[in-house]
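A.B. asks: Take this sequence and fold it.
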Amino acid sequence: MQKSTTARHQILRAVIQLYLALFSVTSLAQVEAAKPWLGVAIDQGAKGVLIKEIISDTPAAAAGLESGDEILAINGIDVKAPADLIKTIQAQGVGHTVVVHFLRKGKKSEKSIKLVA
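C.D. replies: Residues are numbered from 1 along each chain as shown. Presented below is the predicted three-dimensional model:
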């Protein structure tokens, strides 16, 4: 009886490990396919990318970014146009935390923001 119970435990353990491995691959593939975003409507700014609107319940809203802020860089990489911002954010990936360097009412500031899909 002891040997059959041990064998069942080993089989069960192997099945659970296989399930977890498959689940992780599926989750990783889903994350890699997702596009990261901050949750802002943007336009060309004077020095960088102007935030026209903050979308509620997004990383930008949670971090306290505001309409009128101008994003100058992401992780120290300058963003001069909306296309630069989009390209830089998408290169980071979902789940990564980025440092957003921005200008608010003439003062430079920065916030760390975790990107979501």
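
A.B. asks: only C-alpha atoms for contact and neighbour calcs from this point on.
C.D. replies: Noted.

A.B. asks: all helices in this protein, in order from the N-terminus.
C.D. replies: 2-33, 59-63, 82-92 (DSSP state H).

A.B. asks: any idea of the mean pLDDT in the second one?
C.D. replies: The average pLDDT within helix 59-63 is 95.

A.B. asks: Against Val15, how distant is His9?
C.D. replies: 10 Å (CA to CA, to the nearest Å).

A.B. asks: where are the low-confidence patches of this structure?
C.D. replies: 1-5, 16-33 (pLDDT under 70).

A.B. asks: Once you drop chain neighbours, what's closest to Ile51?
C.D. replies: Leaving aside its sequence neighbours, Ile51 sits nearest to Ile42 (CA to CA, 6 or more residues apart in numbering; 4.7 Å).

A.B. asks: Just list the residues touching that neighbour, thanks.
C.D. replies: Contact partners of Ile42, counting by CA atoms under 8 Å, 6 or more residues apart in numbering, are Val49, Leu50, Ile51, Lys52, Glu53, Pro82.

A.B. asks: separation between it and Glu110?
C.D. replies: Distance from Ile42 to Glu110, by CA to CA: 17 Å.

A.B. asks: and Leu115, how many neighbours?
C.D. replies: Here the number of neighbours of Leu115 (other CA atoms under 10 Å) works out to 22.

A.B. asks: From Thr88, how far off is it?
C.D. replies: Taken as CA to CA, the span from Leu115 to Thr88 is 12 Å.

A.B. asks: and what of Ser67?
C.D. replies: Relative to Thr88, and taking CA to CA, Ser67 is found at 20 Å.

A.B. asks: Now do the closest residue to Lys35 other than its chain neighbours: how many residues are near it, please.
C.D. replies: Excluding the flanking residues, the one nearest Lys35 by CA to CA, 6+ apart is Ala117, at 5.4 Å. The number of residues packed near Ala117 is 16, by other CA under 10 Å.
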